[in-house]
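Chemist: Pasting the sequence and the predicted model now:
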Amino acid sequence: MDTIADNLQGVKSRIRGACERAGRDPRDIVLVAVSKTFPADEIRAAHAAGQRCFGESYVQEALGKIEALADLDLEWHFIGPIQSNKTREIAAHFDWVHSIERLKIAERLSAQRPAERGPLDVLVQVNISGEATKSGVVPGDLAPLARAVAKLPNLRLRGLMAIPEPTGDTALATARFEAVRALKEALCAEGLALDTLSMGMTGDLEAAIAAGATMVRVGTAIFGERHRQTKGSG
């Protein structure tokens, strides 16, 4: 488990370096450790090394880990596609949802959020690369969805999330991230109070930070190669 602690320090060092080059404060970047498919003991090791925010994509798998780690002060982020029959569990057990792409799902999350937990922090996912296989709302449909989500009583719209297509072209990656930032700025100009851009992963977090990311989602660089998902863990 010392490897996880070392890996975390390495990622934080990358974040600090990216912020220094971009003239930004590293304290303005939230690191979400993507722990999907990794067991609770590895999350516990990451917490012992100072990590608090963890990202999960498979509801049933996540619920087991949330229960097993209830003694720790963790912040749970749901980052995967959302099925209608999973919204109740997500609304009840997660602190953040990064993957809103349909108003129906947002309405269900709002209706099912336990009152004692307060508003659920949410992000609208944007399909910035126009990939047919990728989740997210197309940029042209973003504004009306964001305005509708922002009105829901038990949600707090915080900003946008995006996963551009994988590319070795740093200029293209930067352009994609800058396009997401521009969409956020346009929504802010309309009066929406947004403060979060969740973008950047193990391979491209530097480009994302340069473009304005406030939250990066890193799994492989912390935990290693992802374990195979077990059947029924979605």
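Modeler: Good, I have the coordinates.
Chemist: quick one: the strands in this protein?
Modeler: For the chain, the strands defined by DSSP state E occupy 30-34, 53-56, 75-78, 96-100, 120-126, 155-162, 196-198, 215-218.
Chemist: Can you pull the poorly scored residue ranges out of this protein?
Modeler: Scanning the chain for pLDDT under 70 picks out 1, 227-234.
Chemist: Tell me how many other residues surround residue 114.
Modeler: Counted by other Cβ atoms under 10 Å, the residues lying close to residue 114 total 12. The way it works is simple: take the backbone N, C-alpha and C, and place the C-beta from them, glycine included.
Chemist: Repeat that for the one 10 residues further on.
Modeler: With neighbours defined by other Cβ under 10 Å, the count for residue 124 comes to 30.
Chemist: Not counting sequence-adjacent ones, nearest residue to it?
Modeler: Leaving aside its chain neighbours, residue 124 sits nearest to residue 100 (4.9 Å; criterion: Cβ to Cβ, 6 or more residues apart in numbering).
Chemist: thinking that neighbour is in contact with residue 125, fair?
Modeler: Yes. Counting by Cβ atoms under 8 Å, residue 100 touches residue 125, with 6.3 Å between them.
Chemist: and residue 76, what are its bridge partners?
Modeler: Residue 76 has the following beta-bridge partners by DSSP bridges: residue 54.
Chemist: OK, contacts around the residue nearest to residue 124?
Modeler: By Cβ atoms under 8 Å, 6 or more residues apart in numbering, the residues touching residue 100 are 82, 106, 109, 122-125, 145, 149.
Chemist: top of those residues by neighbour count?
Modeler: Within the contacts of residue 100, most neighbours by other Cβ under 10 Å means residue 124, with 30 neighbours.
Chemist: Can I get the contacts of residue 100 in CSV including distance to residue 7?
Modeler: Formatted as CSV, the contacts of residue 100 follow (distance: Cβ to Cβ, whole Å):
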residue, distance to residue 7
82, 29
106, 34
109, 32
122, 29
123, 25
124, 30
125, 26
145, 36
149, 35
